[in-house]
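K.L.:
predicted model and sequence follow; I will ask about them next.
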Amino acid sequence: MSKEDVNHLLQLNVNLPSGLKKRSSSTKRSKKKESVTTPTKTKELKPKSKVYATVTPAPYDVQFAQDVVFKPNPGPQTQYLAASEREVLYGGAAGGGKSYATLADPLRNLGNKDFSGLLVRHTTEELRELIQKSQELYPKAIPGIKWSERKSQWVTPQGGRLWMSYLDKDTDVMRYQGQAFNYVAFDELTQWPSNFAWDYMRSRLRSASPELGLYMRATTNPGGPGHAWVKKMFIDPASPNNAFWATNIETGEPLRYPKGHTKEDQPLFKRKFIPASLFDNPYLADSGDYEAMLLSLPEQQRKRLLDGDWDVNEGAAFPEFNRSIHVVEPYKIPKSWTKFRACDYGYGSYTGVVWVAVSPSEQLVVYRELYCSKVTAIDLADMILQAECEDGGIRYGVLDSSLWHKRGDTGPSLAEQMIMRGCRWRPSDRSKGSRVAGKNELHRRLQVDEFTDEPRLVMFNDCTNLVAQLPSIPLDKRNPEDVDTNAEDHLYDALRYGIMTRPRSSLFDYDPATSRSGFQVSDPTFGY
């Protein structure tokens with residue numbers, strides 16, 4: 001190693017072996033002596049072996065290195081940040097840490113040069129609070145990140161970008177036409193009255209970097225103008241924390257690749273709903289002050305914001321409906337139980353059919369539903385017979401009595417067409433006052449029986465459309481004794497027809513006064 005190399009390493013603040021330092025100083029003295037005493041040729045020193053320099057690591061602050069900028073709360077917040085599904089809704093009750101989770105989620109990939117994300121609120125006023133929180137968090141999490149007020153955009157030193165913007169009206173989505181994002185998030189999703197903006201922004205999801213993936217995320221509380229469509233999209237199809245294939249919110253059918261596609265008939269992508277409550281956020285729950293504030297709210301607001309109850313609906317016709325009480329896990333219905341079906345038919349709108357079993361305790365169990373549109377009466381009869389082929393005996397069916405009406409033709413009515421296919425019905429009661437009477441009977445059925453401590457009506461949780469519609473049906477503003485007939489009430493009407501047929505399962509079903517048994521009874525009350 002030459003003298004120049006040694007001096008260069010000393011300037012780099014490295015430690016040299018002591019032997020190498022001594023040799024270099026000895027060489028220096030030797031050369032100085034030779035230059036004074038004699039002009040004879042000097043003898044060059046040859047290093048015995050190659051010696052490497054050892055670099056000393058720069059000191060660092062242990063406390064600073066362990067300073068965590070953001071740590072998710074255990075439970076729902078951690079599950080939300082770790083979710084791999086394409087579309088995820090996080091929320092429910094107030095105070096669950098939704099806003100900070102929304103801000104922290106894109107940080108995982110924001111350092112990637114190909115990352116392009118978008119985080120939106122409904123209005124600019126609502127967006128300001130989110131921007132303010134991001135300005136507290138992002139510079140600590142990513143050194144060198146820059147905020148552009150003009151573009152409303154964060155840019156990292158590596159090139160990753162995150163826009164924070166608003167989306168007020170449906171037409172505002174045109175501002176993002178032609179742009180591509182691999183991450184899109186909506187904060188407070190129920191503030192959008194329709195699913196138009198959500199569906200359109202899904203079309204903006206694309207990325208040239210496969211390792212980044214494509215994600216849509218949303219947070220919200222129950223309530224707001226978009227409560228109904230958000231509930232249909234994320235809450236009704238499956239129980240919380242369980243991933244499910246994305247469905248069409250109108251039909252409930254999974255979204256699939258079309259015919260002719262290489263993935264024909266395969267489902268498109270998965271969704272998930274992750275609920276959170278105030279008690280999942282120790283920063284707010286421990287003091288108890290925020291809980292006290294929520295407890296002081298009116299009942300419906302309290303159920304939404306404190307309990308995260310999605311079945312609460314202002315002006316709901318059946319506020320006593322409780323998913324935890326009236327919705328049960330499916331089980332095998334004994335063949336000995338009385339079974340019947342009820343139907344409200346519609347071709348242009350929807351057809352709703354429910355199958356009901358009567359337990360020995362007289363509890364009604366809705367164990368199957370059929371909800372479809374654009375189906376003819378004959379095809380519907382075949383679908384019904386196919387569905388119930390293994391049920392055993394279906395004692396009777398009750399059908400909207402208007403299907404027996406003749407509408408200017410001489411051919412068979414819709415009811416007669418179904419009966420001729422072997423799907424037999426009796427007409428429902430549509431006399432004056434029958435709607436109010438049916439509503440009152442449903443109220444009674446939803447009550448808990450004081451003797452059995454069970455509700456008089458339950459439904460299987462795979463009857464997803466009935467479970468979704470029943471708590472959402474509003475009262476008629478002009479007649480509070482009835483439901484709003486403009487609402488989606490097809491399955492409700494079918495259920496109302498059914499429960500008004502006096503279904504019974506006990507010995508006293510036998511009516512000797514009307515029974516044709518071939519012998520004359522002496523006493524029509526007791527049958528002998």
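P.N.:
Cool, got the structure. Residues are numbered from 1 along each chain as shown.
K.L.:
I'd say V120 and F186 touch.
P.N.:
Yes. Contact status for V120 versus F186: in contact at 5.8 Å, counting by Cβ atoms under 8 Å. For the C-beta atoms, the positions are set from N, CA and C on the backbone; glycine is no exception.
K.L.:
what do these two both touch?
P.N.:
L167, M201 (Cβ atoms under 8 Å, 6 or more residues apart in numbering).
K.L.:
tell me where the stretch 101-250 of the chain has helices.
P.N.:
In the stretch 101-250 of the chain, the helices defined using DSSP state H, counting those that start in this stretch lie at 124-141, 196-202, 227-230.
K.L.:
JSON lines for the ones you listed, including distance to L110, mean neighbour count and mean pLDDT?
P.N.:
As requested, the helices of the stretch 101-250 of the chain are exported to JSON lines (distance: least, Cβ to Cβ, whole Å; neighbours: other Cβ atoms under 10 Å; pLDDT from 0 to 100):
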{"stretch": "helix 124-141", "distance to L110": "8", "mean neighbour count": "14", "mean pLDDT": "88"}
{"stretch": "helix 196-202", "distance to L110": "19", "mean neighbour count": "17", "mean pLDDT": "92"}
{"stretch": "helix 227-230", "distance to L110": "27", "mean neighbour count": "22", "mean pLDDT": "86"}
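K.L.:
okay, those helices in CSV with distance to D311 next?
P.N.:
CSV is the format used below for these (distance: least, Cβ to Cβ, whole Å):
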stretch, distance to D311
helix 124-141, 26
helix 196-202, 22
helix 227-230, 10
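K.L.:
what's the closest of those helices to P72?
P.N.:
The closest of the helices of the stretch 101-250 of the chain to P72 is helix 124-141. By Cβ to Cβ, the value is 12.8 Å.
K.L.:
rewinding a little: looking at the helices of the stretch 101-250 of the chain, which is closest to C423?
P.N.:
That would be helix 227-230 among the helices of the stretch 101-250 of the chain, by Cβ to Cβ, at 32.4 Å.
K.L.:
ok, now how distant is C463 from A494?
P.N.:
11 Å (Cβ to Cβ, to the nearest Å).
K.L.:
same check on Y183?
P.N.:
Applying Cβ to Cβ to Y183 and A494 gives a distance of 43 Å.
K.L.:
so which of the two has more stuff around it?
P.N.:
A494 (28 against 23; other Cβ atoms under 10 Å).
K.L.:
contacting residues around the helix or strand the more buried one falls within?
P.N.:
Assessed by DSSP states H and E, A494 sits inside helix 490-499. With Cβ under 8 Å, 6+ apart as the test, helix 490-499 has contacts from 340-344, 346, 349-354, 356, 364, 366, 369, 371, 398-400, 428-429, 435, 438-439, 441-442, 445, 457, 465-466, 469-470, 473, 483.
K.L.:
next one: stretch 243-256
P.N.:
Contacts for stretch 243-256 (Cβ under 8 Å, 6+ apart): 85-87, 195, 229, 232-233, 236-238, 265-272, 371-373, 464-465.
K.L.:
redo that, cut-off 10 Å
P.N.:
Stretch 243-256 is contacted by residues 83-88, 195, 199, 202, 228-234, 236-238, 263-273, 350, 371-373, 464-465, 468, 488 when judged by Cβ atoms under 10 Å, 6 or more residues apart in numbering.
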